[in-house]
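Q: below: sequence and its predicted model.
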Amino acid sequence: MSSLKFEIRDITQVSYDAIVNAANKSLLGGGGVDGAIHRAAGPQLLEECKTLNGCETGEAKITKGYNLPSKYVIHTVGPVYSGAVDDKRMLENCYRNSLLVAKENDLHRVAFSAISTGVYGYPLPEAAIVALTTVSNWLADNDDYDMDILLTCFDNRVYDSYSDYVENYHGSNDYLNKLKY
Ligand code: AR6
């Protein structure tokens, strides 16, 4: 049985099979959640990232978690928000490809950061809609695979955007409907 939830959490403290990092194309670290994950994981994470030859926007690559409580880090590169129609497709790809990589590696508990909602400037609540609809649809489409998903919110801004979407949701996705109670 799969599950979906969102919580105010520091993703570097989460003990899951994998955490999803909001990285940049170089995969060589940066600020925001990327910097926090590299600091908490230790220098071996950067050494492994150097072997990956970067990552395209919307794609995802996996490394070990090293000193993190979670076993693996899935690095994905969100779109730099530009207002183009492609932004949404790229952000959806981040969530879908991260879950695909998790499934390929037989991982069943995955925690996401709110990809692109910081430095990359993707506006809330649009990013919240993409995160919630993409992961809940993925769970429904992969009902033969148990997956527990945590969407971490580092601040109230992100948390409130997720809450607003869920409260006003009137569709048929069970994972979103369960979040109402
Ligand atoms: N735990 C959970 N979420 C966090 C944490 C944390 N410890 N720290 C920040 N956030 P950002 P982006 C939230 O800017 O917009 C980096 O330099 C934060 O509040 O980290 O995808 C990369 O190297 C926000 O909601 O990622 C890239 O160059 C969310 O994580 C660039 O930033 C994402 O904010 C990527 O920008």
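A: Here it is on my side, so go on.
Q: got the residue ranges for the helices in this structure?
A: Listed in chain order, the helices of the chain (DSSP state H) span 32-41, 43-50, 86-104, 126-141, 156-167, 174-178.
Q: list the contacts of the residue nearest the centre of the chain.
A: By C-alpha atoms, centre = their mean, the chain has its centre lying nearest to residue 112, at 2.9 Å. Counting by C-beta atoms under 8 Å, 6 or more residues apart in numbering, residue 112 touches 19-20, 95, 98, 131, 135, 149-152. Where you see a C-beta, it was placed from the backbone N, CA and C, and this is true even at glycine.
Q: of those residues, keep whichever come out buried.
A: 19-20, 95, 98, 131, 135, 149-152 (16 or more other C-beta atoms under 10 Å).
Q: and which of the residues you listed is nearest to the ligand?
A: residue 152 (4.5 Å; C-beta to the nearest ligand atom).
Q: wait, doesn't that closest one sit right on residue 114?
A: Yes: using C-beta atoms under 8 Å, residue 152 is in contact with residue 114, at 7.2 Å.
Q: so what's the residue count around residue 103?
A: For residue 103, the neighbour count with other C-beta atoms under 10 Å is 15.
Q: my bad, residue 137
A: The tally of other residues near residue 137 (other C-beta under 10 Å) stands at 16.
Q: gap between it and residue 164?
A: Using C-beta to C-beta, to the nearest Å, residue 137 is found at 19 Å from residue 164.
Q: same question for residue 146.
A: Relative to residue 164, and taking C-beta to C-beta, residue 146 is found at 29 Å.
Q: hang on, the earlier thing: could you dump the helices of the chain to CSV with distance to the ligand and mean pLDDT?
A: Converted to CSV, those look like this (distance: least, C-beta to the nearest ligand atom, whole Å; pLDDT from 0 to 100):
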stretch, distance to the ligand, mean pLDDT
helix 32-41, 2, 98
helix 43-50, 11, 98
helix 86-104, 9, 98
helix 126-141, 8, 98
helix 156-167, 5, 97
helix 174-178, 20, 96
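Q: okay if I get those as CSV plus distance to residue 78?
A: CSV is the format used below for those (distance: least, C-beta to C-beta, whole Å):
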stretch, distance to residue 78
helix 32-41, 11
helix 43-50, 17
helix 86-104, 5
helix 126-141, 9
helix 156-167, 14
helix 174-178, 22
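Q: wait, which of these is closest to residue 4?
A: Residue 4 sits nearest to helix 174-178 of all the helices of the chain, at 4.3 Å, using C-beta to C-beta.
Q: what helices or strands is that closest one leaning on?
A: strand 3-8, helix 126-141 (3 or more C-beta pairs under 8 Å, 6 or more residues apart in numbering; DSSP states H and E).
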